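Q: Sequence and computational prediction follow.
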Amino acid sequence: MVYCDLRVILIEFSILQDYTYSFFIEDDLLDLKIKRRGEGFQYGFEVNKEADTPKNQARKVQAKQEKRWMSVSLVVVGIIAILFLGAWWYNAAHTDEDEMARIRYSSWQTPAKVFTSNNNGIKYSFVADGRGYESRMALPLQTLFPLESGDEFIVRYDYKKPHLNVIDFEAPTPSQIARYRQRAAERHKTLHPNSPKKEVECLLDIAFEIKGLAGYADFYHQNITPTQNSLHNKETFGRLTRDIPFQNAAKLCR
């Protein structure tokens, strides 16, 4: 005999083996399972969620919706994570770029000396706040003159973090400018062995007055083609030396 809310809903006699009774309580279909255990019986109630009932149909629809929402939620969370990581990486990368751009125009500067230069890049060192620093970088695509160990250029740095620095190959030190002049003079003397030293020095003075360091570079690269060096070559040297102001000034060198 089975009661529900003091009301008899099931009466059955002579049940001696396993048996299952099904009945509704409100919208739920319940299974009363009787299992024989030796000389006794074991009872249990279960809500039947597999039978084709209106409540179970609603459960299946809700389960599909929940599964769909779970999938959508996982996708959204994944997209948010990707966007977050992308934004973090972008900000980190651009922060470094912005930092280096700021340092490029920093007023904190000091001479730096290049002490190795090869196809793998260059190393340079400088002193800031009483301490020595060393940096490495890729070999620059093009410089006024080929880099040599001992060359000196201005390096700009963050005064709080000197390891963040940028070397400026367009800003040679005064001693480096003298080296450039000497190299240009030696190259011109090699290519024009009959030119007197005093005349070569005079021509370089004129070139520097007209074009600055680029004038020295034109003299140094006067025997190479534009494909070897697009900025300074035999054509730029020819234009410089054939220019009327240069020609007029060069008359005084002879």
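A: It's in.

Q: And for whichever strand or helix holds P111, what's in contact with it?
A: Per DSSP states H and E, P111 falls inside strand 109-118. Contact with strand 109-118 is made by 122-128, 139, 147-157, 165, 167, 173, as judged by Cβ atoms under 8 Å, 6 or more residues apart in numbering. For the C-beta atoms, the positions are set from N, CA and C on the backbone; glycine is no exception.

Q: Can you name the residues that contact the nearest residue to T143 once chain neighbours are set aside?
A: Leaving aside its chain neighbours, T143 sits nearest to F169 (4.9 Å; criterion: Cβ to Cβ, 6 or more residues apart in numbering). Going by Cβ under 8 Å, 6+ apart, F169 touches 140, 143-144, 147, 153.

Q: likewise L203?
A: Taking Cβ under 8 Å, 6+ apart, one finds 188, 219, 241, 250, 253 in contact with L203.

Q: quick one: which of those residues is nearest to E46?
A: The closest of the contacts of L203 to E46 turns out to be F219 (Cβ to Cβ; 99.6 Å).

Q: what's the closest non-adjacent residue to the closest one?
A: A184 (4.2 Å).

Q: for the one you found, helix, strand, or coil?
A: Classification of A184 using DSSP: H, G, I helix; E, B strand; the rest coil returns helix.

Q: Now the helix or strand containing A178: buried residues?
A: Using DSSP H and E, the element containing A178 is helix 174-191. Of the residues in helix 174-191, 176, 179-181, 183-185, 187-188 count as buried by neighbour count, 16 or more other Cβ atoms under 10 Å.

Q: Is the residue nearest to F219 in contact with K211, as I believe?
A: No - the pair A184 / K211 is not scored as a contact, 11.7 Å apart, by Cβ atoms under 8 Å.

Q: averaged over its residues, what pLDDT does the top helix by length along the chain have?
A: Secondary structure of the chain per DSSP state H: the longest helix is helix 54-104. The pLDDT scores in helix 54-104 average 73.

Q: same for that helix, what does it pack against?
A: The contact analysis (3 or more Cβ pairs under 8 Å, 6 or more residues apart in numbering; DSSP states H and E) places helix 54-104 against strand 28-37, strand 152-157, strand 165-172.

Q: State the mean pLDDT of the second one.
A: Which is strand 152-157. The model assigns strand 152-157 a mean pLDDT of 94.

Q: Identify all contacting residues around that strand.
A: 103-106, 108-114, 124, 126, 128, 133, 135, 163-169, 171-173, 175-176.

Q: Those, buried ones only, as a PyMOL selection?
A: In PyMOL, a selection of the buried entries from those looks like this (16+ other Cβ under 10 Å):
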select buried, resi 103+109+110+111+112+113+114+124+126+128+133+135+164+165+166+167+169+172+173+176
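
Q: Show the pLDDT at the nearest residue to Q222 once chain neighbours are set aside.
A: Distance criterion Cβ to Cβ, 6+ apart; nearest residue to Q222, sequence neighbours excluded, is F237 at 3.8 Å. Predicted confidence (pLDDT) for F237: 97.

Q: ok and the helix or strand encompassing F237 relative to helix 174-191, angle-wise?
A: Secondary structure from DSSP H and E places F237 in helix 234-242. If you take axes from the mean of the first three to the mean of the last three Cα atoms, to 10 degrees, helix 234-242 sits at 90 degrees to helix 174-191.

Q: returning to that earlier point: are any of the contacts of strand 109-118 buried, and if so which?
A: 122-124, 126, 128, 147, 151-157, 165, 167, 173.

Q: Among those residues, pick out the one closest to N223, please.
A: When the buried ones among the contacts of strand 109-118 are compared against N223 (criterion: Cβ to Cβ), the nearest one is L147, at 19.5 Å.

Q: Tell me the secondary structure at the closest one.
A: Per three-state DSSP, L147 ends up coil.

Q: for it, phi and psi?
A: The phi/psi pair for L147 (degrees, to the nearest 10) reads phi -70, psi 140.
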